[in-house]
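Undergrad: Model the following, please.
(one chain, ligands or ions: 3)
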Amino acid sequence: MIPLDKNAYFMLSFFKFNIIKCYTLAAFLQKTYSTYYLPTPFLNCMPENDKIPIDILMRKAGYMVVYFTGTGNSRYAAEALAIRLGDELVNANKFIKSCKVAHLSSETPYIFVTPTYAWRIPRIFSDFIEKSELRGSTSAYFVMTCGTDIGSAGIFLKKLCEKKGFVFKGVLPVVMPENYVAMFDVTEKAEAERMIAEADNRLRTISELISGGKNFPAEKADLLAGFKSRAINPIFYRFIDAKGFRVTDKCISCGRCEEICPLNNVSLTNGKPVYGNSCTHCMACICGCPTEAIEYKRRTVGKPRYFNEKSPVIDDVI
Ligand SMILES: Cc1cc2nc3c(=O)[nH]c(=O)nc-3n(C[C@H](O)[C@H](O)[C@H](O)COP(=O)(O)O)c2cc1C
Ligand code: SF4
Ligand code: SF4
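TA: Ligands and ions are numbered 1, 2, ... in the order given. Just a heads-up that it's a prediction; the model follows:
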């Protein structure tokens, strides 16, 4: 039996699987979904919006850093890279939320910054990259913020690049505070600050690799990492939904949850948030609520939330 790490074990027990059932299901899923990608079923766009070709073209002589974020870690990392490399910063959440296809142009490699969801990039972001029109450079770097590790995410990013006709320049993890409050305890404040300081050092090294035009070092081939990214990831997507969220009487009707949800899954009705069925568990609503009025089942009651509102302070611009 392959030993499972803490995250993998909790994810599986969360879905109420025992390991044997999981292996059987994993074998089935691997056979059924041998490609890297399943279409995203949860984008809450108005059908007519989805069809409107929206021409947003950004021309840029330098790099282009494109990020997706739930609770701010990846925005922070993207900002740190953009400041150091003197780059354009593009927020994919805005495009996704407004159902717009991005038309971007960059003369030097694209840099995609993203959280890790079940040992791969979020499917919603992969979908965004696939749909976007990316002109100019045909190379891409990936930086994945994560609580512990990214598994073998690179295998799938390479396939995404092949599909786009891009050269894959590599993927590097940046360990940052854990945000998945619906599943785990988030990182406590003092530890979060220490982790962000370490992430700052790592982001400096990453920007040096990029500015030097180097490929990122290859990921280590590891059986367990491959198992997590290939097999547990599709199981994760089968089980996440918005059914577990509820709003308590601490709600002050500020509307932040509606505004922040990248999938337009939360809308205020009579001043109170109502959840739809399109959720990718980004944790933005539950962690971003200023009064902690949102709970996920019983798992989050009494637990602190995590949201990174900081901007990086960079005094060593390259
Ligand atoms: C749905 C979900 C799945 C996650 N899966 C992983 C994972 O597989 N490995 C990991 O190390 N961290 C995982 N995390 C932690 C986040 O990737 C990490 O905290 C990240 O920095 C959050 O970025 P953000 O603040 O930009 O959303 C997960 C978080 C969420 C919400
Ligand atoms: S963010 Fe919190 S307080 Fe504001 S509307 Fe949503 S649930 Fe209510
Ligand atoms: S409902 Fe909440 S957790 Fe789900 S996608 Fe929207 S903000 Fe993220």
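Undergrad: C-alpha only now, for contacts and for neighbours.
TA: Will do.
Undergrad: did I read that right, residue 170 in a strand?
TA: Yes - the assignment for residue 170 by DSSP: H, G, I helix; E, B strand; the rest coil puts it in a strand.
Undergrad: Roughly how far does residue 147 sit from residue 240?
TA: 19 Å (CA to CA, to the nearest Å).
Undergrad: near ligand 2, which residues of the stretch 201-318 of the chain show up?
TA: 247, 251-257, 273, 289-291, 293-294 (CA under 6 Å from any ligand atom).
Undergrad: returning to what we had before: neighbour count: residue 147 and residue 240, which is higher?
TA: residue 147 (20 against 14; other CA atoms under 10 Å).
Undergrad: Not including adjacent chain positions, what is the nearest residue to that one?
TA: Excluding the flanking residues, the one nearest residue 147 by CA to CA, 6 or more residues apart in numbering is residue 178, at 4.6 Å.
Undergrad: same thing with residue 101?
TA: Nearest to residue 101 is residue 132, by CA to CA, 6+ apart, at 5.6 Å.
Undergrad: The stretch 51-200 of the chain: strands as residue ranges?
TA: 57-58, 64-67, 88-91, 103-106, 110-115, 133-136, 139-146, 167-175 (DSSP state E, counting those that start in this stretch).
Undergrad: The second one near ligand 1 anywhere?
TA: Think strand 64-67. No - using CA under 6 Å from any ligand atom, strand 64-67 stays clear of ligand 1, with a minimum separation of 8.4 Å.
Undergrad: which residues are contacting that strand?
TA: For strand 64-67, the external contacting residues (CA atoms under 8 Å, 6 or more residues apart in numbering) are 74-75, 78, 81-82, 87-93, 106, 108-114.
Undergrad: Quickly run through the sheet partners of it, with directions.
TA: Applying DSSP bridges, strand 64-67 is found paired with strand 88-91 (parallel), strand 110-115 (parallel).
Undergrad: What residues of the shortest one count as buried?
TA: Neighbour counts using 16 or more other CA atoms under 10 Å place 88, 89, 90 of strand 88-91 among the buried residues.
Undergrad: how far away is the last one from residue 150?
TA: If I follow you right, that is residue 90. 23 Å.
Undergrad: again, but for the first one
TA: Residue 88 is 26 Å from residue 150, where distance means CA to CA.
Undergrad: tell me which parts of the stretch 201-318 of the chain are close to ligand 3?
TA: 242, 261-263, 265-266, 279-285.
Undergrad: Not counting sequence-adjacent ones, nearest residue to the residue nearest to the spatial centre of the chain?
TA: Geometric centre of the chain, nearest residue: residue 115, 3.1 Å, by CA atoms, centre = their mean. Nearest non-adjacent residue to residue 115, counting by CA to CA, 6+ apart: residue 145, 4.8 Å away.
Undergrad: next one: residue 131
TA: residue 101 (6.6 Å).
Undergrad: Including mean pLDDT and distance to residue 218, could the strands of the stretch 51-200 of the chain go into JSON lines?
TA: As requested, these are exported to JSON lines (pLDDT from 0 to 100; distance: least, CA to CA, whole Å):
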{"stretch": "strand 57-58", "mean pLDDT": "54", "distance to residue 218": "31"}
{"stretch": "strand 64-67", "mean pLDDT": "96", "distance to residue 218": "21"}
{"stretch": "strand 88-91", "mean pLDDT": "94", "distance to residue 218": "26"}
{"stretch": "strand 103-106", "mean pLDDT": "93", "distance to residue 218": "24"}
{"stretch": "strand 110-115", "mean pLDDT": "98", "distance to residue 218": "17"}
{"stretch": "strand 133-136", "mean pLDDT": "94", "distance to residue 218": "24"}
{"stretch": "strand 139-146", "mean pLDDT": "98", "distance to residue 218": "12"}
{"stretch": "strand 167-175", "mean pLDDT": "98", "distance to residue 218": "7"}
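Undergrad: Distance to residue 309 for the ones you listed - can I get that in CSV?
TA: Below are the strands of the stretch 51-200 of the chain laid out as CSV (distance: least, CA to CA, whole Å):
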stretch, distance to residue 309
strand 57-58, 26
strand 64-67, 15
strand 88-91, 15
strand 103-106, 26
strand 110-115, 15
strand 133-136, 29
strand 139-146, 15
strand 167-175, 17
